[in-house]
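**Q** missing the sequence, but the structure's below:
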């Protein structure tokens, strides 16, 4: 029995040895990285970003900056469909990464939500930046004057409250009627959203400021 096992192990070792005369393994094959259009089997990828009526003029004013970022830097074809009122994006043969298409679409979508283009371009430059959206009715059902007062508490006099939350949490906030959009990192968005929800629920601005100072100091120590 032992002789049979030894004979079988010798056969396995003999088979595992290289058959070439030099005694070295064959060279490893070298494959060039796939291009964006090769990853999708040569198919062109498309994205369409609708332009709402109130963002049509800002899009026209910032079109040169949008075109320079998308076409020159990210290597994505872009055009404005005036009939359908939407921006159309597609990949090119020289697009270095297929993810550039989605990054450009996210950047333009954030711009259509009301963010400045200088802030929206951070979605392309930094991977940890996100956009979170919610409505006032998701926090508390308010109608009439109660809803108007809640929106006033979120903005503050001359936008002072909104600016204070932005500076403390390093985020950007857009209040569009009853919808609220926040741009920033995951932890910063959570802190800003908690502060805005407290204002919606009726907390005074002074109490929200003091809590915001404590949380922002903790975030600064963490990073």
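**A** Great, that's in hand. This one's a predicted model, so the numbers in the text were calculated from it and none came from an experiment.
**Q** What are the contacting residues of the helix ranked longest in the chain?
**A** The residue-count maximum for a helix in the chain (DSSP state H) belongs to helix 205-222. Outside helix 205-222, the residues that touch it by CB atoms under 8 Å, 6 or more residues apart in numbering are 153, 156, 161, 164-165, 168-169, 187-188, 191, 194-195, 198-199. Yep, even glycine has a C-beta here, placed from its N, CA and C like the rest.
**Q** Three-state assignment for residue 203, please.
**A** Under the three-state scheme (DSSP: H, G, I helix; E, B strand; the rest coil), residue 203 adopts coil.
**Q** Give me the pLDDT value at the most centrally placed residue in the chain.
**A** In the chain, the C-alpha nearest the mean C-alpha coordinate belongs to residue 130, at 4.2 Å (CA atoms, centre = their mean). Residue 130 carries a pLDDT value of 91.
**Q** cool, residue 8 as well?
**A** For residue 8, the model assigns a pLDDT of 49.
**Q** try residue 19
**A** 53.
**Q** Which stretches in the chain count as strands?
**A** 46-50, 76-81, 86-91, 130-135, 172-176, 179-184 (DSSP state E).
**Q** closest to residue 102 out of these?
**A** Of all these, strand 46-50 sits nearest to residue 102, with 7.1 Å by CB to CB.
**Q** how about the closest one: buried residues?
**A** For strand 46-50, a neighbour-count test (16 or more other CB atoms under 10 Å) marks 47, 49 as buried.
**Q** What's the mean pLDDT across that strand?
**A** Strand 46-50 carries an average pLDDT of 92.
**Q** which regions of this structure sit below the pLDDT cut-off?
**A** Within the chain, the segments meeting pLDDT under 70 span 1-23, 34-42, 219-223.
**Q** Recalculate using a threshold of 50.
**A** Low-confidence segments of the chain (pLDDT under 50): 8, 10-16.
**Q** Just to check, residue 91 is in contact with residue 99?
**A** No - here residue 91 does not reach residue 99: they are 10.6 Å apart, not a contact under CB atoms under 8 Å.
**Q** Show me which of those two is the more surrounded one.
**A** residue 91 (23 against 12; other CB atoms under 10 Å).
**Q** what about the closest residue to residue 79 other than its chain neighbours, how many residues close to it?
**A** In this structure, residue 79 finds its nearest non-sequential neighbour in residue 88, 5.4 Å apart by CB to CB, 6 or more residues apart in numbering. If you count neighbours by other CB under 10 Å, residue 88 ends up with 14.
**Q** Bridge partners for residue 88, pull those for me.
**A** residue 48, residue 79 (DSSP bridges).
**Q** ok, back up a step: pick the one among the contacts of helix 205-222 closest to residue 142.
**A** Out of these, the member with the shortest distance to residue 142 (by CB to CB) is residue 153, at 11.0 Å.
**Q** So that closest one versus residue 206, what's the distance?
**A** Distance, residue 153 to residue 206, using CB to CB, to the nearest Å: 12 Å.
**Q** likewise residue 167?
**A** 16 Å.
**Q** okay, these two: which has more neighbours?
**A** residue 167 (11 against 8).
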